[in-house]
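>>> sequence and computational prediction follow.
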Amino acid sequence: MAYIREDVQNMLAMLVSVGGPQMHEVSPEEARAMYLQMGAIAERPLPEGVTTKDIQIPGPAHPIPLRTYLPEGAGTDGTVIVFFHGGGWVIGDLESHNGLCGEIAKLTGFPVVAVDYRLAPEHRYPAAVDDSLAAARWVAGNPEELGFKAERLIFCGDSAGGNLSAIAARALRKELKVAAQWLIYPGVDMTETEGSMQAFAEGYLLTAAAMAWFGEHYAADVTSPLASPLLSDDWEALPPALVFTCGLDPLRDQGRAYAGKLIATGNRVIFREAAGQVHGSAQLRGALPSAQADLEGQVRDLKALIA
């Protein structure tokens, strides 16, 4: 029997009692609305002392919306977190991760720029990758429009956003100054079907069925390093990495494997796993007090990683 934290057990029991369809049983539009609804109930609001601004930048196919988060007393050394939201490349947006991005800005003291990349199935692979790389380049090169300089980038994201962060860190490390990659329960191997993907396939918020649904809509070349960065051949001199996994997550083993591969190839890594925690917990900190402690622990690790 897997260890489950008390607050996680309570939340899972509440979700079972509420019932209703799961995300993979509805349309992408309905799933996006459900995702926002869940956040409204279970996430903390934007913290005080963080100023936000919405801007649009040129993209490869369409303008890309960004949202900046400027905490009180923000650092002036040019360190900026570029944040890519999770949601299986199908759901999620600036609103779904608004509280989390604000909290990251407040806890780190760094400005955060959240990227609203195109979603599948309207825009399939590699649209999300193309937008993410374009946004990172724009952030690094447009301090006047941004309102602050971005001379050291930290790529950060949860789940699918962790996937995009790992891809951006690898692709842009020789072109931009990339201080770190902060991967929050990242999806880094779209070919994985064993281990934790089977052990936690049902009953722990993210399901194997949902992962299959996301994959079908995204329609990626699953063996490409632009979809499954764990399968890349390029591991030399990657940016320092903070890899965070959850003990009850179908994606746990691939996050562990990514951290292990980074370590084995001589890269600087801090690995943290939250025992008894579920995928998606970073956005459920209102319902899961222990997830707030997990996030604060990651920020301490990040500061140590880039010191």
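Cool, got the structure. Numbers count the residues shown, from 1 in each chain.
>>> Phe148 reaches Val113, doesn't it?
No - the pair Phe148 / Val113 is not scored as a contact, 9.4 Å apart, by C-beta atoms under 8 Å. Quick note: C-beta positions are derived from backbone N, CA and C, even for glycine.
>>> what is in contact with the two at once?
Thr68, Val80 (C-beta atoms under 8 Å, 6 or more residues apart in numbering).
>>> ok, how many other residues are close to Glu30?
13 (other C-beta atoms under 10 Å).
>>> what do you get for the one 3 residues further on?
The number of residues packed around Ala33, counting by other C-beta under 10 Å, is 13.
>>> mind listing the helices for this protein?
6-18, 28-42, 98-108, 127-141, 143-146, 160-172, 196-199, 208-218, 252-264, 289-306 (DSSP state H).
>>> so how far is Trp138 from Gly276?
40 Å (C-beta to C-beta, to the nearest Å).
>>> between the two, who's got more neighbours?
More crowded of Gly276 and Trp138, by other C-beta under 10 Å: Trp138, with 21 against 16.
>>> residues touching the residue found closest to Leu248 once you drop the neighbours it is linked to in the chain, list them.
Distance criterion C-beta to C-beta, 6 or more residues apart in numbering; nearest residue to Leu248, sequence neighbours excluded, is Tyr204 at 4.5 Å. Contact analysis of Tyr204 by C-beta under 8 Å, 6+ apart lists Leu12, Leu248, Asp249, Pro250, Val278, His279.
>>> now do the contacts for Ser228.
By C-beta under 8 Å, 6+ apart, the neighbours of Ser228 are Val188, Asp189, Met190, Thr191, Val222.
>>> and Ile154, what are its bridge partners?
Ile81, Ala180 (DSSP bridges).
>>> which residues touch it?
With C-beta under 8 Å, 6+ apart, Ile154 has these contacts: Thr79, Val80, Ile81, Val82, Phe110, Val178, Ala179, Ala180, Gln181, Trp182, Leu302, Ile306.
>>> surely the first one and Cys156 touch.
No - proximity of Thr79 to Cys156 does not meet the contact threshold set by C-beta under 8 Å, at 11.7 Å.
>>> how near is the nearest residue to Cys156 once chain neighbours are set aside to Leu119?
Ranked by C-beta to C-beta, 6+ apart and with sequence neighbours excluded, the top spatial neighbour of Cys156 is Trp182, at 4.0 Å. Counting by C-beta to C-beta, the gap from Trp182 to Leu119 is 22 Å.
>>> more neighbours: which of these two?
Just comparing Trp182 and Leu119: by other C-beta under 10 Å the higher neighbour count belongs to Trp182, 31 against 24.
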